[in-house]
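Trainee: any chance you could fold what I've pasted below:
(2 chains)
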Amino acid sequence: MMTFLKSREAMLGAAILLLLFLIASRFPAFVAPANLVRVFTDTSPLLILALGQTVVILTRCIDLSVAANLALTGMVCAMLNAAMPGLPVAAILLLAVALGAFMGALNGLLVWKLAIPSIVVTLGTMTIFRGIIFLISDGAWVNAHEMSASFTGFPRSTVLGLPVLAWFGLLVAVLVAVMIARTPLGRAFYAVGGNPHAAIYTGIDVGKTQFWAFTLSGALAGLTGYLWVARYAVAYVDIAGGFELEVVAACVIGGISIAGGAGTILGTILGALFLGIVKNALPVVDISPFWQMAISGTAIIVAVTLNVRNARAKGRIILRSAQAEGATA
Amino acid sequence: MSDLSTDPSVRQIPDRLQSRSARLLQSWELLLLIVAIAIFIANSFASPYFLNAWNLSDATFNFTEKAMIAFAMALLIVSGEIDLSVASIIALASTAMGAAATAGFGTPALVLVGLVTGLLCGAFNGTLVTRLGLPSIVVTIGTMSLFRGISYIVLGDGAYRSYPADFTYFGQGYVFWVISFEFVLFVLFALVYYVLLHRTNFGRAIFAIGNNPTAAQFSGIRVGRVKFTLFLLTGLMSGVAAICLTSRLGSTRPSIGFGWELEVVTMVVLGGISILGGSGSIPGVVIAAFVMGLVTFGLGLLNVPGIVMSIFIGCMLIGVIALPRLWKMWRS
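Mentor: Residues are numbered from 1 along each chain as shown, chains lettered A, B, ... in the order given. Okay, here's the model as predicted:
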């Protein structure tokens, strides 16, 4: 119990509660249940992507192509819907996940089979995916009137008081948390990131594990692609531009170590919620939305500073201490 | 960056060194040079407007500013760190210059403001990374939001436009005939960084740190100080690029140079600098700058939209690294 209270998840949770309390003291309407649901729904796309990114970062990689993957899948879904309005939403959902997973697998293959650093691979595929959107759409927008009512209505329709988009956020969070905690693959993600050499000796294929992490991240990006395009009822080349860094930011604020192998799903959820609350609260407390970028930047720096402090106080990484000293001296 | 590597066999030291000529023939720089020449020839066949001194001179503007940052970034990446905030430093430096220009300062003061802003940003990154021991990729993702965020707070959806008339020289002036001021600056910095990385003790220390920071520390290299200096240099070069770009555009918006950090990193990696640190050369980066500039310009003459060119750049980035590895796999 005491260790939980001292954990960074508890600290971050306390920070979020404090933030909510401060906002509520002046604007009580913000913490009304209906508005909190709205904030959570608005944060769901970030949450889903951050969960995929978490798994990738756990394996010591990074996926900078998620936003481009989202945009490309979203465009394909929108164009398909415009061409064949009769296609059921379930089929489109399936296609979105499959297409996203395929793009993620492409990243994973390059990292696994050719051992190219993930930052280089995803930097490349990021620009390639964006370019392909332009090629298939010819730079044109797919607008609301070209989409069918069931296509755009699905993420917004409410089930048991929550919009479907929010249900997807919850569902993905639970599924990823269970997979991480209860399956051999989930354990392998931590093993590969924590100590790749030890992972090899315990019979874990490092590259293959990273491949699955990228495939998962891609599938979730594809899923978000459909949800995003349907929710905003528009698809164009630049949707979610720069969103990949916000996704990484959510993970870092949630305490996922960029060095791999450390961090929890709960942390990522809180990190995404923190960014979502800040984003939604700014207009309410009458601060110009132009402040958002600087605030999330500051949050990242503060979070990573605290993470490193925590890790050091515990003396968790014994073998790497020499290297850490070398870097700080 | 070494934390991102998982392949234990990445750094193998051969037991026998190759001869100089054999090394040159297999070198990355030669491969890139061949690619650059091929693109040049293909372009001159594809478009009748390509082989024109003024057009070629215009083409250099596609890469000179980015390349100036890429030189400093190359040193930083060789040392095992990275700076993703360079484009945001451009935005902040440009905003500071715009504010100074609006307040009525003259060109020399504006240049000073641009350079100092760049240095301060670099010092901020460097302090966080070397003093607090934070991973540079996370720190600079944070400062990337922070620096540009400050520009957004200052400018919102507005812009600074009132620059003095003689300020336009940096981005639009020509030293003689078709040789622009920016191109001269590019050549100058290429030489400076070549000497710095390949001909000085400081450069040797950078390679040592990139290959093994602990060993470098024990051999008496002040690892933290070298890295801090490299962050300062990267900030300074971003300031220089901000001066050139602001002068060329004649206005400052918070979105100035958006996405450049990835193009700069692409240029460095394409130039054969290992993203894991410890190896690479400045001539490689220079040729990579030309390759990227020529591709963008040549396709532009053929009316290919910019975003399609980015597919080309993306494929090139992955391709140049994947092909040698595929070749090795196929032979073994």
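Trainee: around chain B, pick out the residues from the stretch 1-150 of chain A.
Mentor: Neighbours of chain B within the stretch 1-150 of chain A, by C-beta under 8 Å from any C-beta of the partner chain: A:60-62, A:64, A:110, A:114-121, A:123-128, A:130-132, A:134-135, A:139. To be clear about C-beta, it is placed using only N, CA and C from the backbone, and glycine gets the same treatment.
Trainee: list the buried residues of stretch A:290-308.
Mentor: A:290, A:292-297, A:299-301, A:303-308 (16 or more other C-beta atoms under 10 Å in any protein chain shown).
Trainee: going along the chain, name the strands of the stretch 51-200 of chain B.
Mentor: B:174-176, B:179-180 (DSSP state E, counting those that start in this stretch).
Trainee: ranges for the helices of the stretch 101-250 of chain B?
Mentor: B:107-130, B:136-155, B:169-172, B:181-198, B:201-211, B:213-218, B:223-249 (DSSP state H, counting those that start in this stretch).
Trainee: make TSV from those helices and add mean neighbour count and distance to residue A:225 to it.
Mentor: Formatted as TSV, those follow (neighbours: other C-beta atoms under 10 Å in any protein chain shown; distance: least, C-beta to C-beta, whole Å):
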stretch	mean neighbour count	distance to residue A:225
helix B:107-130	21	33
helix B:136-155	25	23
helix B:169-172	18	39
helix B:181-198	17	40
helix B:201-211	19	38
helix B:213-218	18	40
helix B:223-249	24	33
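Trainee: comparing the ones you listed, which yields the minimum mean pLDDT?
Mentor: Taking the mean pLDDT of each of these, the lowest value is held by helix B:169-172, a mean of 88.
Trainee: which strands and helices lie in contact with it?
Mentor: For helix B:169-172, the elements it packs on are helix B:181-198, helix B:223-249, judged by 3 or more C-beta pairs under 8 Å, 6 or more residues apart in numbering or on different chains; DSSP states H and E.
Trainee: tabulate these (a markdown table), appending distance to chain A.
Mentor: Shown next, in a markdown table, are the helices and strands packed on helix B:169-172 (distance: least, C-beta to the nearest C-beta, whole Å):
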| stretch | distance to chain A |
| --- | --- |
| helix B:181-198 | 21 |
| helix B:223-249 | 5 |
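Trainee: which residue does the stretch 51-200 of chain A have closest to chain B?
Mentor: residue A:131 (3.3 Å; C-beta to the nearest C-beta).
Trainee: and that residue, its phi and psi?
Mentor: phi -60, psi -40 (degrees, to the nearest 10).
Trainee: what is the neighbour count of it?
Mentor: Residue A:131 has 24 neighbouring residues, counting by other C-beta atoms under 10 Å in any protein chain shown.
Trainee: SS state for residue B:309?
Mentor: Under the three-state scheme (DSSP: H, G, I helix; E, B strand; the rest coil), residue B:309 adopts helix.
Trainee: residues touching it, list them.
Mentor: A:131, B:295, B:296, B:299, B:300 (C-beta atoms under 8 Å, 6 or more residues apart in numbering or on different chains).
Trainee: from residue A:145, how far out is the fourth one?
Mentor: Relative to residue A:145, residue B:299 is positioned 34 Å away (C-beta to C-beta, to the nearest Å).
Trainee: of those two, who's got more company?
Mentor: residue B:299 (19 against 7).
Trainee: now, the buried residues of stretch A:290-308 that are in helices?
Mentor: Using DSSP state H to define helices, the subset of these located there is A:292-297, A:299-301, A:303-308.
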